[in-house]
Structure formats: C-alpha cells, structure tokens
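S.K.: Quick one: sequence plus predicted model below, questions after.
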Amino acid sequence: FPVTINVLKAEENYVSTEEVELKVKELQRSGDPHETLNKSQQYLLLNLLIDLKPKRSDFGALKIYKKIDPLKKAENYIVIRDNNNESSFIVLQIYKTSKYYGRSEEDLSLQSINVIKQSLRRYPREYLFIDRFHRPFQSNNSYGRFVERTFIENFGRKLGTSLWRNVYRTEKITDDMKDEEKREISRLMLHSRKQSDQYRWVKKDNGNKVCYCQDK
C-alpha cells in the first residue's frame, strides 16, 4: 500500500524544478560558485539535479575516472572525458533495486561536465562528492543530509532525495507522454513504471494535498 508523506512538511519543503534551474543561473551570475569546497559541491549538485533523472541517495560515493571506463564492478563511478565530443557519464551498480536493473548508465550534459571539471580543478579529489573529512560519504543517510543542507542553505527549505523524486514525477511526467518515454524515465530513476505511477499528489476534500509514494 502507498505510504502517505506528511502533507504539511512536504508542502513546506517543496522546491520546484524551475526554482532549481533559476538558482543555478543565479549562482552562475553572482560571482564565483566555486569559492569554497562546500559552495562548489552544492552548485555541482544542483546542476546534476536538473540534468539527470532523480535517483535515491546514490551519489555519495561516486569515484572519478578520467578518459576511460574502467568497467569496474560493485562500484558507483563517473567517467569524465577530456574531449567533449565523447560522452561523459555516471555508472551506478550499487543501489536499492540493482538486482532488478543491474548496471545503470546515464550521460551528462555539457553544462554538467564543465561544472564538474571546474570543481575538480579547484578542489582535486577522487570522489565527486566528499564530506567534511574529505572522504566519500559513508552512508546513503549522510549523503542525504548533504542534499538537505544544500536546499536549506540555498532555498530555506529542507528538501531531500525522496521529495525531489516526487517533485520530478509531479512536474515532468505527464499523462500525455508516450509509454516508451515513461518507461525510459522510470528505468533511469531505477524503479518500475508501476512504482513511478505511485508518485502523485492527490487533492482531498478539505483542499489539502496528500503525496502518495511507496519509495522512501
């Protein structure tokens, strides 16, 4: 049965995809978005959120490889090419539903690639996101708290990975989309089409909206 998310909390913390897009542009114009490691990682995260299909808290230990895909197993990683004519991409192999979907690849936009390269030039590291001890995040929960801090500091709202998946489903997946397109989005969100259909806002008789969602 669907799990009902706390309505008031979800509405208080809701940040639209448009707001995130506008924030990225604002940070681009406002000076140096890579001024500190924290700012650089937050700016990078916001770029990835508008570029990629939303995942769970799966980006906390993304190892960085340059130029060549190492074809590693049992590891999440990112491949960054020097030549922008070649695809740079993220590979996920350790995630909640990996036994159903296996290795998942998703290409990065040129915008995201450039932001990643800028961040890595300023703050060389082996993992895309690192904690205050300069280690990859030690758990999905610690990465999830980083996502929440990013939204609190940039929007004043505590949005996490689960609610962001709901925001995307609500705003970007429409009833008039072709089934093939919906299936591809679901695949890249690493869940089934049936699961995706259970991300929805339902208006109750009292006017409040309830979010029904099985994916926490």
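M.R.: Everything's here; your move. Residues are numbered from 1 along each chain as shown.
S.K.: Could you use CA atoms for every contact and neighbour count after this?
M.R.: Noted.
S.K.: what sits against L44?
M.R.: Residues in contact with L44 (Cα atoms under 8 Å, 6 or more residues apart in numbering) are 112, 115-116, 119.
S.K.: ugh, typo on my part, it should be G102
M.R.: By Cα under 8 Å, 6+ apart, the contact list for G102 reads Q93.
S.K.: Of the contacts of L44, which is the most crowded?
M.R.: S119 (23 neighbours; other Cα atoms under 10 Å).
S.K.: just checking, that residue touches K39?
M.R.: No: with contacts counted by Cα atoms under 8 Å, S119 stays clear of K39, the gap being 9.7 Å.
S.K.: just curious, which of the contacts of L44 is nearest to R165?
M.R.: Closest to R165 out of these is S112 (19.2 Å), distances taken as Cα to Cα.
S.K.: Could you check how far L44 is from L27?
M.R.: L44 sits 11 Å away from L27, going by Cα to Cα, to the nearest Å.
S.K.: swap in L120?
M.R.: Per Cα to Cα, L120 is found 18 Å from L27.
S.K.: Out of those two, name the residue with the larger neighbour count.
M.R.: Using other Cα under 10 Å as the criterion, L120 and L27 rank with L120 on top: 19 against 15.
S.K.: ok so that one is a helix residue?
M.R.: Yes: assigned with DSSP: H, G, I helix; E, B strand; the rest coil, L120 falls within a helix.
S.K.: Next, the residue nearest to D131 when sequence neighbours are not counted: phi, psi?
M.R.: Ranked by Cα to Cα, 6 or more residues apart in numbering and with sequence neighbours excluded, the top spatial neighbour of D131 is F137, at 5.7 Å. When read as degrees, to the nearest 10, the backbone of F137 gives phi -60, psi 140.
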